[in-house]
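Student: Just need the structure, nothing else, for what follows:
(2 chains)
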Protein chains: 2
Amino acid sequence: MTTRASTDATTARAVESSLLDELADDVAAVEAALSDVAAAPAGYVRELVDHVRGFGGKRLRPALVLLAGRAVDPARVTAIHARLGAVVELIHTATLVHDDILDGALLRRRRPTLHRMEGTEVAVLLGDFLLASAYAEAASLSDRMAARYLAEITRQVCQGEVLQVHERGDLDLPEATYLEIIEKKTAVLYAASCRVGGYYAGGTEAQVQALDRYGREIGMAFQIVDDVLDLVGDEAEVGKSLGTDLARQKMTLPLLHFFRTGPSAEVARVREALRAGRGAESAPWIRTAVHEAGSVEFARGRAEDYVASATRHLDALPESPARRTLANVAGYVLQRRR
Amino acid sequence: MTTRASTDATTARAVESSLLDELADDVAAVEAALSDVAAAPAGYVRELVDHVRGFGGKRLRPALVLLAGRAVDPARVTAIHARLGAVVELIHTATLVHDDILDGALLRRRRPTLHRMEGTEVAVLLGDFLLASAYAEAASLSDRMAARYLAEITRQVCQGEVLQVHERGDLDLPEATYLEIIEKKTAVLYAASCRVGGYYAGGTEAQVQALDRYGREIGMAFQIVDDVLDLVGDEAEVGKSLGTDLARQKMTLPLLHFFRTGPSAEVARVREALRAGRGAESAPWIRTAVHEAGSVEFARGRAEDYVASATRHLDALPESPARRTLANVAGYVLQRRR
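Tutor: Residues are numbered from 1 along each chain as shown, chains lettered A, B, ... in the order given. Have a look, this model is predicted:
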């Protein structure tokens, strides 16, 4: 069992490392654009921006902007793509900074979260600053599509998150509502990254649509894997506070499946612990119960289905190195351990 | 003394009521646009939006968008002005919702603040939703000026607020830093309201510049009056939690003047109370001390100076009913009691 797990971990690291190599040039271009887009005068605000820049980690979303553009037409991928990548990354980082307040999380990418370091007030304001920086940059493009679309997407992200907060504690959350929540709070930004990348490279409506669907489905898979990691991941490896979903009575796919199919005595025990607000300290045995009922495997299976479907959408694009890398990103979403 | 105060209150109400009559049509147009710009599907988010719509109160900022436009050219004030008014009001409302979290305020326009009613998480997210709604609308205009400018302005607002949080507790705050903070956190949005109003009515660069300066200076006056009201206002009349600046060791103009010019024994006593975190319970006697040292009068005098200067900038515009109303707005900023 340990050998199997450590082999998996080794494979996952190899996949990640090879993917990161493929993305390295794109990520470097985005990093340069980020410095520019979120520029602040020297001083406290700039220090805060520098601190949170590391939160985004692998820069998957901005890399998708560039990859989607190249999958359509490499000749039309310009500095605009790197800048749009920075815009998407800043919107994402703003939601992370604000999410950490919501979740009371202490660690993000092995760094202290901003609200822990500087307090809730500064975390709220810095998130707003990052959002405004993203919109200011998007609005500077002569084609208004990105500015309109990304602001509209952020409206959906917020609605998804509000819904999640509102439904928290509802142990009987319908699976359809869970899927609606993760689509809005996570998948739409993946979809938008791919859409703007393809659009600004001059993609046809069919290509842009296919890229949107590819992004949406890997976004769904990404969030399901995230929820699985929060339940059964290794905190040292993942690099952020885990078990927060149980602590905050946030229903996720493995748990919903367990409630529907698990042994009734076990289910009753878990529900009682969650209702009593004992989710955090009960995490170890809840994890085992959900695992043994096959619910973690079920959730991973659903993530695999999304990835398989996402990959099929890539058929709408010509065969190219960028398309192959998009397929690798889809595969990586499943393998990732952090 | 009581008679004087109640005469003042009566005059202030008369000024407010006559100004609100002048603004009524503009405000109605903005209200209609607001419903559209911040539209959300039926349900929880829409209920939240409806609740916070009342926070803005008198809709001074959006009224300035329309007035500035008409002061330039009434024939060129269109539905775009009402929509831009809604955009500005939503940015303002978002900052109020987020500010209330920062201040721990309980009341806003006699309604419970959102974070008190629904929790910090929902308040953070709803503010983000309002900001995104504002940007989505601004980005829909074919002329990109508003989208770029208003996003840039929001970056400044956030920087001003971060600076304020960062400097809190510094009893030796230089007056210049206080002025920088209130310019960024408050005055720039007044300036921007006037600027976009004039610009979208086809104003010349000189007219747009004059409107920007007018807006900036009434914004400075507005914030100084706000700070005075927080110190010596009547909570029932103002309709929101007061005394929060003392409680949170936030330096404002009357207090800074008092520290510089008040009787040294009194100054030492106030500083000690603030340092010891006893600002809230000491508010009644601090208020008296600051009043008696003439520091409230000093701050009101500075606000009058800003208003006088603001009014002079209006000379760059042709004489018109809208210009007269802009002058009335400037006068009202000084007289307001809430």
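
Student: Provide the backbone phi and psi angles at A:Pro112.
Tutor: A:Pro112 adopts backbone torsions of phi -60, psi 140, taken as degrees, to the nearest 10.

Student: quick one: it and A:Leu106 touch, right?
Tutor: Yes. With contact defined as Cβ atoms under 8 Å, A:Pro112 and A:Leu106 form a contacting pair (6.7 Å). Every residue, glycine included, has its C-beta placed from N, CA and C.

Student: got the end-to-end distance for stretch A:176-195?
Tutor: For stretch A:176-195, the first-to-last residue distance is 25 Å (Cα to Cα, to the nearest Å).

Student: List the contacts of that stretch.
Tutor: A:61-62, A:64-65, A:68, A:85, A:88, A:91-92, A:149-150, A:153, A:156-157, A:159-161, A:163-164, A:167, A:208, A:211-220, A:222-224, A:226-227, A:251-253, A:256 (Cβ atoms under 8 Å, 6 or more residues apart in numbering or on different chains).

Student: near chain B too, which of those?
Tutor: For chain B, the contacts drawn from the contacts of stretch A:176-195 by Cβ under 8 Å from any Cβ of the partner chain are A:157, A:159, A:161, A:163.

Student: Strands - which of these land there?
Tutor: Among these, no residue falls in strands (DSSP state E).

Student: so where is the stretch 51-200 of chain A shaky, pLDDT-wise?
Tutor: A:56, A:103-104 (pLDDT under 70).

Student: and it, which residues reach chain B?
Tutor: Proximity of the stretch 51-200 of chain A to chain B (Cβ under 8 Å from any Cβ) is limited to residues A:94-95, A:98, A:101-102, A:119-122, A:124-129, A:131-133, A:135-136, A:138-140, A:142, A:144, A:147-148, A:151-152, A:154-155, A:157-159, A:161-163, A:165-166.

Student: Which residue does the stretch 201-338 of chain A have closest to chain B?
Tutor: Shortest the stretch 201-338 of chain A-to-chain B distance, computed as Cβ to the nearest Cβ: residue-wise this is A:Arg248, at 9.6 Å.

Student: Once you drop chain neighbours, what's closest to that residue?
Tutor: A:Arg168 (6.1 Å; Cβ to Cβ, 6 or more residues apart in numbering or on different chains).

Student: count of residues packed around that neighbour?
Tutor: Per other Cβ atoms under 10 Å in any protein chain shown, the neighbour tally for A:Arg168 reads 14.

Student: where do the strands sit along chain A?
Tutor: Using DSSP E, strands in chain A cover A:107-108, A:111-112.

Student: So which elements touch whichever helix in chain A runs longest?
Tutor: Taking DSSP state H as the criterion, chain A has its longest helix at helix A:2-37. Judged by 3 or more Cβ pairs under 8 Å, 6 or more residues apart in numbering or on different chains; DSSP states H and E, helix A:2-37 is in contact with helix A:60-72, helix A:79-103, helix A:120-138, helix A:321-335.

Student: report the angle between the axes of the last one and helix A:2-37?
Tutor: Comparing the axes of helix A:321-335 and helix A:2-37 via axes from the mean of the first three to the mean of the last three Cα atoms, to 10 degrees yields an angle of 130 degrees.

Student: Figure out how far helix A:321-335 is from the centre of its chain.
Tutor: In terms of Cα atoms, centre = their mean, to the nearest Å, the centre of helix A:321-335 is set 15 Å apart from its chain centre.

Student: Mind giving me the packing neighbours of that helix?
Tutor: Against helix A:321-335 (3+ Cβ pairs under 8 Å, 6+ apart) you get helix A:2-37, helix A:60-72, helix A:205-232, helix A:295-313.

Student: Can you give the contact residues for stretch A:201-208?
Tutor: Stretch A:201-208 has contacts (Cβ under 8 Å, 6+ apart) with A:68-70, A:72-73, A:76-77, A:81, A:195, A:198-199, A:211, A:316-317.

Student: Fine, thanks again, bye for now.
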